[in-house]
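Enquirer: Below are the sequence and a predicted model; questions follow.
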Amino acid sequence: MFVVDTNLLLYAVNPDAEDHQAARALIEEWRHGDRSWFLTWSIVYEFLRVSTHPKVFPRPLTLGQAREWIAVLLSCPPAGLLVPTDRHLAVLEELSKRHPRLRGSVVHDLHTAALMREHGVTEIRTADVDFHQFTFLTVVNPLVGGA
């Protein structure tokens, strides 16, 4: 089980990205594989925000195109969404105490880490080095080391 972070999704749909081909191939491999993998709603919304933003994304998608691509991903049997449970606040409090200096953009990563902890998912596939601060996670950048 693992979580796929936003950056890999963005590389996979951005033909101008240096890692486009590799990211696209990985997503396709995971879609057709048998190992469970997950997104979170915050990852989905971040993907929608960035992929449709004309000042951020080189060739922005329409909201419909971005939403449809997410729907295709989530329609695959090994894919799922991690959502908060009744334990979410307790997990957030625990992680906030362990990482009291987190702020700004890294709070998005805290949300992902909290959901992962809550569901017992310990591996995240990402090109974002910020996840290394969560020592209970195994951070894999499949674009440099394979996964």
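Expert: That came through fine. Numbering: from 1, shown residues only.

Enquirer: Which of the residues in the helix or strand of the chain with the lowest mean pLDDT are classified as buried?
Expert: Ranked by mean pLDDT, DSSP states H and E, the weakest helix or strand in the chain is helix 142-145, scoring a mean of 86. Within helix 142-145, the residues that count as buried by 16 or more other CB atoms under 10 Å are 142-143. In short, each C-beta sits where N, CA and C put it, glycine included.

Enquirer: Likewise for stretch 71-84?
Expert: Buried residues in stretch 71-84, counted by 16+ other CB under 10 Å: 73, 79-80, 82, 84.

Enquirer: How far does it stretch from one end to the other?
Expert: End-to-end span of stretch 71-84 (CA to CA, to the nearest Å): 20 Å.

Enquirer: so how far is that stretch off the chain centroid?
Expert: 12 Å (CA atoms, centre = their mean, to the nearest Å).

Enquirer: Quick one: low-confidence residue ranges for the chain.
Expert: Scanning the chain for pLDDT under 70 picks out 145-147.

Enquirer: show me where it has strands.
Expert: Per DSSP state E, the chain carries strands over the ranges 2-4, 37-40, 79-82, 123-125, 138-140.

Enquirer: Could you dump those strands into CSV with distance to residue 10 added?
Expert: Listed next are those as CSV, based on distance: least, CB to CB, whole Å:
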stretch, distance to residue 10
strand 2-4, 11
strand 37-40, 13
strand 79-82, 17
strand 123-125, 13
strand 138-140, 17
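
Enquirer: among the ones you listed, which is nearest residue 54?
Expert: strand 37-40 (23.7 Å; CB to CB).

Enquirer: hmm, who's touching the closest one?
Expert: Strand 37-40 has contacts (CB atoms under 8 Å, 6 or more residues apart in numbering) with 1-4, 9, 30, 70, 73-74, 78-83, 111-112, 115, 119, 121, 125.
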